[in-house]
Every structure is written in structure tokens, then in C-alpha cells.
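In: Structure, please.
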Amino acid sequence: MSDENIVKKVCKDLGLTYKQLGEAIGYSESSLSNAVATDKVSKSMQQAIKLYLENIELKKDVQKLKDLKKLLQDILK
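Out: Numbering: from 1, shown residues only. All right, here's what the predicted structure looks like:
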């Protein structure tokens with residue numbers, strides 16, 4: 001694994017608690033805490049975190065497209 005535990009890194013980067021991240025990816029707070037304590041993050045947990053991060057990025061992209069659409073509609077009025 002990388003230098004920093006993915007659970008710890010994502011929580012730190014996004015300003016989330018283990019409980020909040022767990023709720024978002026379908027894991028308990030204790031599962032995430034244990035993954036950090038033992039530095040053993042299962043493949044399924046890693047995948048869930050990666051999909052969660054991808055989802056966040058896709059939502060940002062969708063919002064940018066909505067903003068662009070609104071701007072274009074305003075210009076064409």
C-alpha cells in the first residue's frame with residue numbers, strides 16, 4: 001500500500017469522519033477505524049473508496065455542465 005492509509009487520507013482530504021465516510025461507502029465506523037489501526041484495507045473497501053471518489057468527481061463535472069448550459073441559455077436569450 002502507499003505511504004498513507006487510503007481511509008485516513010480520504011477522510012483527511014475531504015474533511016470527513018470515519019463514520020461519515022463509512023456511511024457514504026457502506027462500511028461501519030469500526031471497520032474503517034480497524035482498517036486504519038491495522039493498516040489493512042480490504043480490496044473491496046479500497047474499491048468502494050475509489051468509486052466514492054469517482055462519484056464525487058462526476059458530480060462536479062455534471063454541475064459544471066449544468067452551469068455551462070445555463071450560461072449558454074442566458075447568452076442565447
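In: May I have the phi/psi pair for Ala48?
Out: Dihedral pair for Ala48: phi -60, psi -40, per degrees, to the nearest 10.
In: Model confidence score at it, please.
Out: Per-residue confidence (pLDDT) for Ala48: 98.
In: Now do the same contact list for it.
Out: 25-27 (CB atoms under 8 Å, 6 or more residues apart in numbering). (Each C-beta comes from the backbone N, C-alpha and C, glycine too.)
In: Repeat that for Val41.
Out: 1, 5-7, 35, 49.
In: what about 7 Å?
Out: Val41 makes contact with 1, 5-7, 35, according to CB atoms under 7 Å, 6 or more residues apart in numbering.
In: distance of Val36 from Ala24?
Out: Per CB to CB, to the nearest Å, Val36 is found 16 Å from Ala24.
In: Check Glu54 too.
Out: In terms of CB to CB, Glu54 sits 12 Å off from Ala24.
In: And Ser31, by the same measure?
Out: The value you get for Ser31 to Ala24, if CB to CB is used, is 13 Å.
In: Next: Gln46.
Out: For Gln46 relative to Ala24 (CB to CB), the value is 14 Å.
In: so where is this structure shaky, pLDDT-wise?
Out: Scanning the chain for pLDDT under 70 picks out 1-3.
In: what ranges do the helices span in it?
Out: With helices called from DSSP state H, the chain shows them at 6-14, 18-25, 29-38, 43-76.
In: Now the last one: buried residues?
Out: Meaning helix 43-76. Residues of helix 43-76 classed as buried: 45, 48-49 (neighbour count, 16 or more other CB atoms under 10 Å).
In: With the third one instead?
Out: Buried residues in helix 29-38, defined by neighbour count with 16+ other CB under 10 Å: 31-32, 35-36.
In: what packs against it?
Out: helix 6-14, helix 18-25 (3 or more CB pairs under 7 Å, 6 or more residues apart in numbering; DSSP states H and E).
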